[in-house]
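Undergrad: here's a sequence, model it:
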Amino acid sequence: QVQFVESGGGWVQPGGSLRLSCAASGSIFSFYPMGWYRQAPGKQRELIAVITSGGTTTYADSVKGRFTISRENTKKVAYLQMNSLKPEDTAVYYCNVPSGSDWRFGWGQGTQVTVSS
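TA: Below you'll find the model as predicted:
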C-alpha cells in the first residue's frame, strides 16, 4: 500500500506561481507513474499531469505550457510547478498513481490552491 501527503498549496494572485509536493510512502515508488489531480468545487476530480517512472510527462490541455511535473525517486517525492496561475486553477490538488482512467491507491488530504485577486 502507498500513502500520499500533499503540501505547498496556498493563496496566490493571478499570474503567480506555486510548487506543490507529494511525499509517498512505500519502497517501490520509483516503479510507478505518478499523477497530479485536482478537484474544483462542484466538479469531478481530473487528472492534469502524469510522469512515468522513466520521466516521460503528459499534461491536460488546461495546464499545458504552465505546469511542470517532476519527481525525485530517491526522496520518493513528486512535484508540480505551477506558473501563470489563473482563477480557474483554484482547486484541491491531489497526487496518486494513475491506472487507466482510474487510480491505484487511496487519496491523501490534498492541498488547497486558491487563485484570486
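
Undergrad: restricting to C-alpha, output the strand or helix carrying Arg71 in CSV.
TA: Element membership of Arg71 [criterion: DSSP states H and E] is strand 67-72. The C-alpha trace of strand 67-72 is given here as CSV (Å, rounded to 0.1, in the frame of the first residue of the first chain):
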residue,chain,number,x,y,z
PHE,A,67,2.6,23.4,-15.2
THR,A,68,5.6,21.1,-14.9
ILE,A,69,5.5,17.7,-13.2
SER,A,70,8.7,16.2,-11.9
ARG,A,71,9.9,13.5,-9.4
GLU,A,72,12.8,12.6,-7.2
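
Undergrad: could you say what helices and strands it packs with?
TA: Applying 3 or more CB pairs under 8 Å, 6 or more residues apart in numbering; DSSP states H and E, one finds that strand 67-72 makes contact with strand 34-39, strand 46-51, strand 57-59, strand 77-82. Quick note: C-beta positions are derived from backbone N, CA and C, even for glycine.

Undergrad: nearest to Ser27, of the ones you listed?
TA: Shortest distance between Ser27 and these, using CB to CB, is found for strand 77-82: 14.3 Å.

Undergrad: worst mean pLDDT across the helices and strands of the chain, which element?
TA: strand 102-103 (a mean of 89; mean pLDDT, DSSP states H and E).

Undergrad: pLDDT weak spots in the chain?
TA: Within the chain, no range satisfies pLDDT under 70.

Undergrad: swap the cut-off to 90 and go again
TA: Along the chain, the model assigns pLDDT under 90 to residues 1-2, 26-31, 100-102, 104.

Undergrad: from Ser117, how far out is the residue most central in space within it?
TA: A centroid search over the chain (CA atoms, centre = their mean) returns Trp36, at 2.6 Å, as the residue closest to the centre. Separation of Trp36 from Ser117 (CB to CB, to the nearest Å) stands at 24 Å.
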